[in-house]
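Colleague: Predicted model, plus sequence, below.
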Amino acid sequence: MAQEFDITIIGGGHSGLFLARALADQGWRLALVEPRPIGTAPATADGRNLALMRSSREAADRFGIWPALAPVVRPVEAVHLREKPGGATLVTTMRELGGRPFAYGVEHPALHAALATSLAELGEPPRIFANGLRGLERRPEARLLELADGSRIATRLVIGADGRGSRLRELAGIRLDAWRYDQAAISFIVAHTRPHRQTVHEWMRPRGPLALLPLPGRRSGVTWVEPEARARALVAEGEEALLRRLGEESEGVLGDLRLASRIGIQPLGAQHARRYVAPRLALIGDAAHGVHPIHAQGFNMAVADIAELAEALARAARRGEDPGGADLLLGYERARWWANQQRIWMTDGLNRIFSSEAAWLQPVRSGAIRAVAALPPLRRRLARNRMQLV
Ligand SMILES: Cc1cc2nc3c(=O)[nH]c(=O)nc-3n(C[C@H](O)[C@H](O)[C@H](O)COP(=O)(O)OP(=O)(O)OC[C@H]3O[C@@H](n4cnc5c(N)ncnc54)[C@H](O)[C@@H]3O)c2cc1C
């Protein structure tokens, strides 16, 4: 016998938890399928960190999630970008952008735990299946899901938030365009002797970007992109050498550095599902799209997907409509696919232009940054675009 739900979310990562919380008070019978423990930091937590843009904070506010996030994030009040080796710089401060923070720095485990807490505090949290999705069948009024332990769920709508390797996307036969960059991101957390002053420091370097993201306390998140072989060699040199090189690459802006997490390496690639929807099925977050980290967009694109879908489902709930209705799903796809495609192209283009050792590109890069620095309206426009506000 299958257990029945209106909406089932596959995957309880950041996207699945955020969506579950956004849908929790709409009155649906809601299930969440996630094989890993929810609410505890994975044993493999590896210092990954991300910037939540202002648009995501606004969505978190609307869905009642912000009170759980506020204690674990650090507001970003300025971005200091430097181009190497040309030396062009670009500084943008929040004063120029309405006096509110651009973004918020957060560590992955803290974000996961805060989203899980916000879900657990609800009067009626979703039913959680500590399990993986294995099979999918189509029924006239529902989708039938088979989990790894053989149990079954019949659901009027299934939403895939199961990451880049989405099993649901594969079972639904949705095709994917995907490509690799010959780059990997080294990520970890550092404690430092100088204050970060709520500033993101970014270096655009021919081998790949390096970013320091302010976190609560005198700590910062490092996302350091290098050609993959070099990234692995840097990590293999050991903690002391890695921190010394980071100090050199970051011009000592944070003073003495101490490692405050494990070190992670993620090979980088981008991908985009050709469709976000199929009958009674939708994809969100990394299951739908994956981008290069150069502009800190990935999870912020997921939050925009979630806001769009959750608002459409809230309207359906108010009108007593089917959550898996074709018009609702096609409207979601129309609103998000093209918007995400543009961000995939933008991040891909930025990485190709700024992470290139081609000598002729050097003056182009420096010139572009100097031009933006000299034109405040353009600078503001680009910053607003990055915050996903246009
Ligand atoms: C180096 C780096 C830096 C980044 N920096 C930023 C940044 O600054 N800002 C930003 O917005 N984004 C950033 N990102 C992107 C961001 O980390 C991701 O977009 C986001 O974490 C994706 O979350 P998700 O929940 O969609 O996917 P995932 O985190 O992959 O979660 C998927 C979940 O699905 C579960 N799952 C998998 N298979 C199954 C199954 N068969 N059944 C059930 N459950 C399943 C998994 O256990 C997991 O919990 C960065 C990414 C990288 C690599």
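Modeller: Arrived safely, thanks for sending.
Colleague: And for stretch 302-315, what's in contact with it?
Modeller: With contacts defined as CB atoms under 8 Å, 6 or more residues apart in numbering, stretch 302-315 is touched by 7, 14-15, 18-19, 22-23, 26, 28, 52, 55-56, 59-60, 62-63, 159, 276, 282, 284-286, 288, 321, 323, 328, 331-332, 335-336, 339-340, 388. C-beta here means a position set from N, CA and C on the backbone, and glycine is covered the same way.
Colleague: Sorry, wrong one. I was asking about stretch 236-255.
Modeller: Residues outside stretch 236-255 that contact it (CB under 8 Å, 6+ apart) are 82, 186, 190, 192-194, 196, 201, 203, 205, 210, 212, 220, 222, 224, 234-235, 256-259, 263.
Colleague: can you give me the end-to-end distance of it?
Modeller: 23 Å (CA to CA, to the nearest Å).
Colleague: Could you name the helices and strands sitting against whichever strand or helix holds residue 59?
Modeller: Assessed by DSSP states H and E, residue 59 sits inside helix 54-62. Under the contact definition 3 or more CB pairs under 8 Å, 6 or more residues apart in numbering; DSSP states H and E, helix 54-62 sits against helix 66-69, helix 298-319.
Colleague: State the number of residues packed around residue 33.
Modeller: Counted by other CB atoms under 10 Å, the residues lying close to residue 33 total 28.
Colleague: Then the one 3 residues further on?
Modeller: The burial metric for residue 36, expressed as a neighbour count using other CB under 10 Å, is 12.
Colleague: wait, it sits on residue 12?
Modeller: Yes. Contact criterion CB atoms under 8 Å: residue 36 and residue 12 qualify, at 7.3 Å.
Colleague: quick one on the thing from earlier: closest to the ligand out of the helices and strands packed on helix 54-62?
Modeller: The ligand lies closest, by CB to the nearest ligand atom, to one member of the helices and strands packed on helix 54-62: helix 298-319, at 2.7 Å.
Colleague: buried stuff in stretch 67-87?
Modeller: Using 16 or more other CB atoms under 10 Å as the test for burial, stretch 67-87 gives 68-69, 72-84, 86.
Colleague: swap that for stretch 325-342, sorry
Modeller: Within stretch 325-342, the residues that qualify as buried are 325, 328, 329, 331, 332, 333, 335, 336, 337, 340, counting by 16+ other CB under 10 Å.
Colleague: Not counting sequence-adjacent ones, nearest residue to the closest residue to the ligand within the stretch 1-150 of the chain?
Modeller: Going by CB to the nearest ligand atom, the ligand is nearest to residue 13 of the stretch 1-150 of the chain, at 2.3 Å. Among residues not flanking residue 13 along the chain, residue 163 sits closest, at 6.1 Å (CB to CB, 6 or more residues apart in numbering).
Colleague: Assign the one you found to helix, strand or coil.
Modeller: coil (DSSP: H, G, I helix; E, B strand; the rest coil).
Colleague: Now that it has come up, it's in contact with residue 286, right?
Modeller: Yes. Taking contacts as CB under 8 Å, residue 163 lies within contact range of residue 286: 4.8 Å.
Colleague: any shared contact partners between these two?
Modeller: Counting by CB under 8 Å, 6+ apart, the common neighbours of residue 163 and residue 286 are residue 13.
Colleague: Give me the more crowded residue out of those two.
Modeller: Shown here are residue 163 and residue 286; by other CB under 10 Å, residue 286 has more neighbours (24 against 18).
Colleague: I figured that one was touching residue 164, is that so?
Modeller: Yes. The pair residue 286 and residue 164 qualifies as a contact (CB under 8 Å) at a distance of 4.8 Å.
Colleague: what about the closest residue to residue 16 other than its chain neighbours, neighbour count?
Modeller: Nearest non-adjacent residue to residue 16, counting by CB to CB, 6+ apart: residue 161, 3.6 Å away. Neighbour count for residue 161, taken as other CB under 10 Å: 31.
Colleague: same question, the one 5 residues further on
Modeller: Other residues within reach of residue 166 by the criterion other CB under 10 Å amount to 23.
Colleague: again with the one 4 residues further on
Modeller: Here the neighbour count serves as a burial measure; for residue 170 (other CB under 10 Å) it reads 14.
Colleague: Repeat that for residue 151.
Modeller: Using other CB under 10 Å, residue 151 has 15 other residues around it.
Colleague: Quick check, it in contact with residue 129.
Modeller: Yes. In terms of CB under 8 Å, residue 151 counts as a neighbour of residue 129; the distance is 7.2 Å.
Colleague: Right, I'll leave it there.
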